[in-house]
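In: my questions are about this predicted structure, shown below with the sequence.
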Amino acid sequence: MSRIPFWVKVVTAATASLMLFIYLSLMLVPSLELQRLAVRIIAPYGLTLTSTSFGKTLPIGIRAKGFTLATQTGAVLKFDRLTVKLRLLPLLIGRVILACDAGVGPGTVEGELEITRKGRIEFSCQKVRLEDIPFFSTVAGAWAKGELRIKGDLHGRGSASKGYLQIEAKQLDLREVRISGTQLPDASYKTMQGMLRIANGRTTLESVTLQGEGLYVRLSGDLPAGGNPAAMPLNLKLELMPKAEFLESQKFIFILLAKYMVTPGHYQLPIRGTLASPVLQ
């Protein structure tokens, strides 16, 4: 029988010791202290968190119920349940990867976050209802309904990050959408499709379109990548292209938007400010 090389024994012993240390550290630290640590970690990004239940899960991880992320404006994301676990096998080759699993109403969110190397975030969400996302009411002051699907992959950190975010939604209904006090048309949309590219320190909206009955909407522009999400300065353009019948049905709103009309039936609205407080110029 061949002998196990000495270096294999060393690596195995070191990995086992590290896993034991992490396990004992997590199990011995009170759950309240873990929650406080999570609060401190996300504070530089302008975010706060609360939960109705926050504890530990085996083999090495944390779990929460009623988990809410908020900015100064108010809640932006809510999870009925959230679990974050440390993946054990990647530790054998020196990689620290966290696996996340969450529930938002009937929808699910799954992803992985690698802390080592240059960092990576990969995630997807399925069947998430817009009405379960408080962002629309707290930031846009809107009522939203529909089913959302997102897939994203991001590598690197800060200005060196690059990747994409693919968005798709169906059977949308958006009402009372306001930007800095200006109301946009109420409308229903069959589909929404969009692609966001992240590179060279910028997030570019390559194509975000909403196809409705009587109204076509296109959003384009860019904003910085990384840093405090709530304080990101916006450089966006919202285009509204209503059909004659739709325009007539919401004549009063389009009268208020008259200064943004570039040609009959085509409106361009520049959006500035920040992600937490967008401003219509």
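Out: Arrived safely, thanks for sending.

In: next, name the residue at the spatial heart of this structure.
Out: In the chain, the centroid-proximal residue (Cα atoms, centre = their mean) is residue 77; its distance is 8.4 Å.

In: in whichever strand or helix holds that residue, which residues are buried?
Out: Assigned by DSSP states H and E, residue 77 belongs to strand 75-86. Neighbour counts over strand 75-86 (16 or more other Cβ atoms under 10 Å) mark 75-80, 82-86 as buried. Yep, even glycine has a C-beta here, placed from its N, CA and C like the rest.

In: that strand - what's its average pLDDT?
Out: In this model, strand 75-86 carries a mean pLDDT of 87.

In: how far does it sit from its chain's centre?
Out: 12 Å (Cα atoms, centre = their mean, to the nearest Å).

In: how about stretch 169-185?
Out: Centroid separation for stretch 169-185 versus its chain: 19 Å, with Cα atoms, centre = their mean.

In: what's the end-to-end length of it?
Out: 19 Å (Cα to Cα, to the nearest Å).

In: quick one on the thing from earlier: ok, the residue nearest to the centre of the chain - contacts?
Out: By Cβ atoms under 8 Å, 6 or more residues apart in numbering, the contact list for residue 77 reads 68-69, 133-135.

In: return the subset of those lying in strands.
Out: Mapping those onto strands (DSSP state E) picks out 68-69.

In: which one of the contacts of residue 77 is nearest residue 122?
Out: Nearest to residue 122 among the contacts of residue 77: residue 69, at 19.2 Å, using Cβ to Cβ.

In: thought residue 45 was touching that closest one, still the case?
Out: No. Using Cβ atoms under 8 Å, residue 69 is not in contact with residue 45, being 9.7 Å away.

In: give me the below-cutoff pLDDT ranges for this protein.
Out: Along the chain, the model assigns pLDDT under 70 to residues 1-31, 33-34, 140, 158, 226-230.

In: how much space separates the nearest residue to residue 182 once chain neighbours are set aside from residue 262?
Out: Excluding its sequence neighbours, the residue lying closest to residue 182 (Cβ to Cβ, 6 or more residues apart in numbering) is residue 280, at 5.0 Å. Residue 280 sits 15 Å away from residue 262, going by Cβ to Cβ, to the nearest Å.

In: more neighbours, those two?
Out: residue 280 (17 against 9; other Cβ atoms under 10 Å).

In: distance of the more buried one from residue 237?
Out: Taking Cβ to Cβ, one finds residue 280 at 11 Å from residue 237.

In: what does residue 129 give?
Out: When distance is defined by Cβ to Cβ, residue 129 is 28 Å away from residue 237.

In: ditto for residue 64
Out: Distance, residue 64 to residue 237, by Cβ to Cβ: 38 Å.

In: comparing the two, which shows the higher neighbour count?
Out: residue 64 (25 against 13).

In: quick check, the more buried one in contact with residue 78.
Out: No. Under the criterion of Cβ under 8 Å, residue 64 makes no contact with residue 78, lying 11.2 Å away.

In: so what sits against both of residue 280 and residue 237?
Out: With Cβ under 8 Å, 6+ apart as the test, residue 280 and residue 237 both reach 269-271.

In: which among the residues you listed end up buried?
Out: Judged by 16+ other Cβ under 10 Å, buried ones among the shared contacts of residue 280 and residue 237: 269, 271.

In: distance from the chain centre to stretch 72-85, please.
Out: What separates the centre of stretch 72-85 from the centre of its chain is 10 Å, taken as Cα atoms, centre = their mean.

In: kindly report the same for stretch 246-254.
Out: Offset of stretch 246-254 from its chain centre (Cα atoms, centre = their mean): 33 Å.

In: what does it contact?
Out: 183-187, 213-215, 242, 265, 267.

In: pull out the buried residues from those residues.
Out: Buried members of these, counted by 16+ other Cβ under 10 Å: 183-187, 214-215, 242, 267.

In: now the strands for the stretch 1-150 of the chain?
Out: Remark: strands assigned in the stretch 1-150 of the chain by DSSP state E, counting those that start in this stretch are 48-50, 53-57, 61-70, 75-86, 97-104, 107-114, 120-129, 143-155.

In: my read: residue 78 touches residue 134, true?
Out: Yes. Assessed by Cβ under 8 Å, residue 78 is found in contact with residue 134 at 5.8 Å.
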